[in-house]
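1. coords below, sequence missing:
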């Protein structure tokens, strides 16, 4: 299990390191859509694990919580470069590139909240608060930009 988590963390760190030039690497708009949706899928899975602990639906495990929190923090840097002009998908209700400053502000807010997750995952009480704050930052962007 530890090997798997370390492998995932290494992959996430590598992906984060190459995410800045990622926009230039999308040959087709569909590639950008797949890239960002993959990052969101992984983040949603790990946020679901943390939320289940925070709600008492799953026993609190600080090690597992911190592993998920670190992944969310790392993965949280990936999707933002994958919104080149024209990469519309059925999940978008507003085009992020139409108001790039607003989109960046919302992305930065999420990244800031996600960065607090690993430390907060040390205790159930702090995890509950930070899962709520991080989830609210997700919702903030979804309310304007996500159609689903």
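-> That came in fine, so what should we check first? All values reported here derive from a predicted model rather than from experimental measurement. Numbering: from 1, shown residues only.

2. report the contact partners of residue 52.
-> Residue 52 makes contact with residue 58, according to CB atoms under 8 Å, 6 or more residues apart in numbering. For glycine as for every other residue, the C-beta is placed from the backbone atoms N, C-alpha and C.

3. so what's the residue count around residue 148?
-> Residue 148: 8 surrounding residues under other CB atoms under 10 Å.

4. my guess is it meets residue 89, correct?
-> No - contact criterion CB atoms under 8 Å: residue 148 and residue 89 do not qualify, at 9.7 Å.

5. please, which helix or strand holds residue 44?
-> helix 29-55 (DSSP states H and E).

6. beyond that helix, next helix or strand please.
-> Next element after helix 29-55 (DSSP H and E): helix 62-75.

7. check which helices and strands that next one sits against.
-> Counting contacts by 3 or more CB pairs under 8 Å, 6 or more residues apart in numbering; DSSP states H and E, helix 62-75 is packed against helix 2-18, helix 29-55, helix 100-120.

8. for residue 29, give me its contacts.
-> 84, 86-88.

9. what about the closest residue to residue 95 other than its chain neighbours, distance to residue 106?
-> Taking CB to CB, 6 or more residues apart in numbering, and ignoring the residues beside it in sequence, residue 95 has residue 88 as its nearest neighbour in space, at 6.7 Å. Distance of residue 88 to residue 106, computed by CB to CB, to the nearest Å: 18 Å.

10. so which of those two has more stuff around it?
-> residue 106 (21 against 13).

11. most neighbours of all the contacts of residue 29, which one?
-> That'd be residue 87 among those, by other CB under 10 Å, with 22 neighbours.

12. can you pull the phi/psi pair for that one?
-> For residue 87, the backbone dihedrals (degrees, to the nearest 10) come out as phi -90, psi 50.

13. again, but for the one 3 residues further on
-> The phi and psi values for residue 90, taken as degrees, to the nearest 10, are phi -60, psi -20.

14. correct me if wrong: it contacts residue 33.
-> No - applying CB under 8 Å, one finds residue 90 not in contact with residue 33, separated by 9.5 Å.
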